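Engineer: Fold the following and give me the result.
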Amino acid sequence: MPVRFASRLMLVLALVGVVPVLLLGGLAFRANRDELHRLVGGLQTQAATDLARACSQLVLVGVDNLRMAAGYLPLENLEAQDASAVLSIPLRQLGSLNLLVLVDAQGRALAPAVFSSTGEGSRQRVTDDSLALFSRQAPVQDALSTGAAIGLPYRTPGSSGGRVALAVRTGESASRLLLAELSLADMGKRVEELALDGGLAFIVDAQGVPVASNSGRELSEEERALVSEGLSRGGPVVRTVLGVDGVEYLAAFAPVPNLGWGAVVGRKASMAFAPAEHVRRSTFFWALMALAATGVLGVVLARGVSQPVARLSEGVAALAGGRYDRRVPQEGRDELGLLARSFNHMADELQRRDAELRRWSEELQKRVDERTRQLREVQDQIARTRRMAALGSLSAGIAHELNNPLTGIIGLLSLACDEVSAQSSVGQSLAMALEQARRMARIIRELSQMAEQERAGAGRPLDPSQPVRAALHELRDDFQSRGVTLSCALSEPMPRVLGHADQLQKVVTNLLRNAITAMPAGGTLSVGLAAVEGDAVCLSVKDTGKGIPESMRERIFDPFFTTKDEPDRVGLGLSVAHRIVEAHHGRIRVESAEGLGTTITVILPAAGGEAHLT
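Structural biologist: Numbering: from 1, shown residues only. Have a look, this model is predicted:
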């Protein structure tokens with residue numbers, strides 16, 4: 001009888017102590033694996049999405065640069081013998097282009113293609129084989145019908161990054177096309193970086209053919225299936241795949257926006273699910289410990305174990321249900337007490353590791369979000385700077401060519417107005433023509449200023465409150481006539497900034513005029529100037545006007561863009577202000593809510609600072 005009871009006790013202890021531990025370990029392993037699949041898969045999806053966005057941005061920026069080059073170069077009227085010399089200019093400026101060639105509507109080259117034979121920087125070397133591929137992939141007919149087109153990507157042997165042919169018309173009704181070969185070498189480098197430490201990364205086109213892959217590797221059957229599913233769904237896909245090297249990866253697919261391509265980023269499954277494997281090994285260890293404890297308890301104890309076993313069963317059930325606050329009472333120093341302590345220690349470890357996984361997940365997500373926001377701001381600033389630099393060069397040429405004839409026109413109109421009665425219809429017409437000519441002169445002066453700021457030099461140390469006070473004094477009559485209440489908060493003393501007082505005054509004047517115009521029925525205008533941490537000076541201009549709609553907020557610094565109804569506004573004020581602030585190594589920010597006013601903040605580095613504000 002005692003033997004049978006001991007056997008039953010050992011069986012019960014084994015069922016209660018070991019089986020629940022194994023079940024709990026299996027559930028914990030599965031839960032941790034699923035959580036890691038979701039978390040790491042989400043990170044891989046984010047990495048693939050970033051890679052896809054970078055690829056799309058590279059190609060679309062290449063198309064925009066090609067359009068810009070076709071817009072400011074006289075390619076339609078260019079003689080064939082001059083085409084190569086003219087196209088060498090944008091080729092030197094656009095470092096991501098391998099070659100440029102001007103063709104007619106049938107795709108025939110009007111002059112030899114221009115390219116760099118060495119392939120420096122982001123460029124790739126142009127060979128006879130690559131020229132043949134470029135000729136076959138150039139989207140000539142698509143560009144003739146739509147104005148701009150992107151060909152299918154292709155890859156030459158021995159390169160990790162592919163190439164893609166671009167084509168744009170040289171004008172709205174032009175019969176010529178400007179073709180370019182865009183290098184995807186930067187994407188190849190980024191793919192190689194993502195594939196470090198045994199990772200997986202590649203970019204494919206719409207047919208699933210690799211465009212850029214680490215070490216030029218081909219795709220396995222499971223990787224092709226992942227790409228095919230992602231391309232058909234048009235959205236992210238995450239799953240484990242077996243690579244050509246026989247290693248299992250947790251890979252994520254993300255579509256490349258606007259191109260129909262795809263990007264895949266993966267990590268070795270052994271590394272991705274390492275914490276879950278550790279949980280499984282811990283489970284087996286504690287299961288063995290529990291089994292040993294049940295054997296000792298079954299031999300030594302025959303009675304008085306029902307209640308401790310019941311408590312242990314309840315603790316296991318609570319832990320399996322995710323209630324980590326439930327602990328088994330630790331009574332005595334015998335085997336049951338040891339088992340209770342071991343179980344509580346296991347529960348504490350599981351709770352601690354679960355909390356660590358959750359904290360790690362939240363912290364990693366915050367870092368990814370912050371980095372994504374910073375990258376988006378930097379990309380927007382780079383794109384805006386490129387647009388302003390191109391327009392500055394163009395405006396300098398236009399102003400130079402138009403100033404002399406326009407000066408003569410204004411002089412002749414002034415003489416004609418003096419000789420004709422101002423009350424006659426002819427005199428009124430001449431006065432209107434003179435007014436419009438002077439308006440054109442003002443526009444040309446503002447265009448010239450956009451190019452002159454690059455040649456103005458570093459300037460000298462000055463008190464930033466001086467140009468602010470000068471601008472306020474200049475517009476004091478406008479404040480009164482428009483019914484605007486002015487509120488100023490200029491801190492003293494202020495750190496000095498390095499720059500030009502007249503240019504900084506122009507920035508403040510343009511910001512104040514925009515704020516006054518935004519309040520046609522009057523309002524409150526707040527101007528603040530204060531020192532901020534990091535050796536910088538902050539100027540804020542806040543109005544209570546109608547605000548800027550969110551759809552227009554990204555365009556307010558574009559030249560000739562304006563939301564004002566006044567006919568003499570040409571949309572250059574904020575563009576000039578933005579260019580001056582950048583020339584002083586500062587930054588400008590806009591906060592606005594439609595109907596609640598606008599706040600524009602300008603931050604300039606102090607004269608002693610060595611780094612620029614970014």
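Engineer: do you know how far residue 55 is from residue 479?
Structural biologist: Note on residue 55: its distance to residue 479, by CB to CB, to the nearest Å, is 51 Å. C-beta here means a position set from N, CA and C on the backbone, and glycine is covered the same way.
Engineer: more neighbours, these two?
Structural biologist: residue 55 (26 against 16; other CB atoms under 10 Å).
Engineer: Surely the more buried one touches residue 261?
Structural biologist: Yes - the pair residue 55 / residue 261 is scored as a contact, 6.7 Å apart, by CB atoms under 8 Å.
Engineer: Overlap of the contact sets of those two?
Structural biologist: The contact sets of residue 55 and residue 261 overlap at residue 203 (CB atoms under 8 Å, 6 or more residues apart in numbering).
Engineer: Can you give me the neighbour number for residue 218?
Structural biologist: Around residue 218 there are 10 residues (other CB under 10 Å).
Engineer: In contact with the closest residue to it other than its chain neighbours, which residues?
Structural biologist: Spatial nearest neighbour of residue 218, chain neighbours left out: residue 244 (6.2 Å); criterion: CB to CB, 6 or more residues apart in numbering. Residue 244 sits next to 217, 218, 219, 220, 223 when contact means CB under 8 Å, 6+ apart.
Engineer: tell me the mean pLDDT over the helix or strand that contains residue 311?
Structural biologist: If you go by DSSP states H and E, residue 311 is part of helix 306-320. Helix 306-320 shows a mean pLDDT of 71.
Engineer: can you check stretch 67-79 too?
Structural biologist: So the average pLDDT for stretch 67-79 ends up being 80.
Engineer: ok now it, how far from the chain's centre?
Structural biologist: 31 Å (CA atoms, centre = their mean, to the nearest Å).
Engineer: and what of stretch 136-150?
Structural biologist: Using CA atoms, centre = their mean, the offset of stretch 136-150 from its chain centre is 28 Å.
Engineer: So residue 266, which state does it fall into?
Structural biologist: strand (DSSP: H, G, I helix; E, B strand; the rest coil).
Engineer: From residue 588, how far off is it?
Structural biologist: Per CB to CB, residue 266 is found 41 Å from residue 588.
Engineer: ok, these two, which is more surrounded?
Structural biologist: residue 266 (32 against 19).
Engineer: At which residues are the strands of the stretch 51-200 of the chain located?
Structural biologist: Assigned by DSSP state E, counting those that start in this stretch, the stretch 51-200 of the chain shows strands spanning 97-104, 114-115, 148-150, 163-169, 176-183, 200-204.
Engineer: The ones you listed: which one's closest to residue 432?
Structural biologist: Ranking the strands of the stretch 51-200 of the chain by proximity to residue 432 (CB to CB) places strand 163-169 first, at 38.2 Å.
Engineer: which other residues reach that closest one?
Structural biologist: Residues from elsewhere that reach strand 163-169 (CB under 8 Å, 6+ apart): 59, 62-63, 66-67, 70, 98, 124, 130, 133-134, 137-140, 142-144, 147-156, 176-184.
Engineer: the inter-axis angle of it versus strand 176-183?
Structural biologist: Using axes from the mean of the first three to the mean of the last three CA atoms, to 10 degrees, the direction of strand 163-169 lies 160 degrees away from that of strand 176-183.
Engineer: can you dump the C-alpha coordinates of strand 163-169 into CSV?
Structural biologist: Provided in CSV are the C-alpha atoms of strand 163-169 (Å, rounded to 0.1, in the frame of the first residue of the first chain):
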residue,chain,number,x,y,z
ARG,A,163,21.4,50.7,-63.7
VAL,A,164,18.2,52.2,-65.2
ALA,A,165,17.6,54.2,-68.3
LEU,A,166,15.7,57.6,-68.0
ALA,A,167,14.2,59.7,-70.8
VAL,A,168,12.6,63.1,-70.9
ARG,A,169,11.3,65.4,-73.7
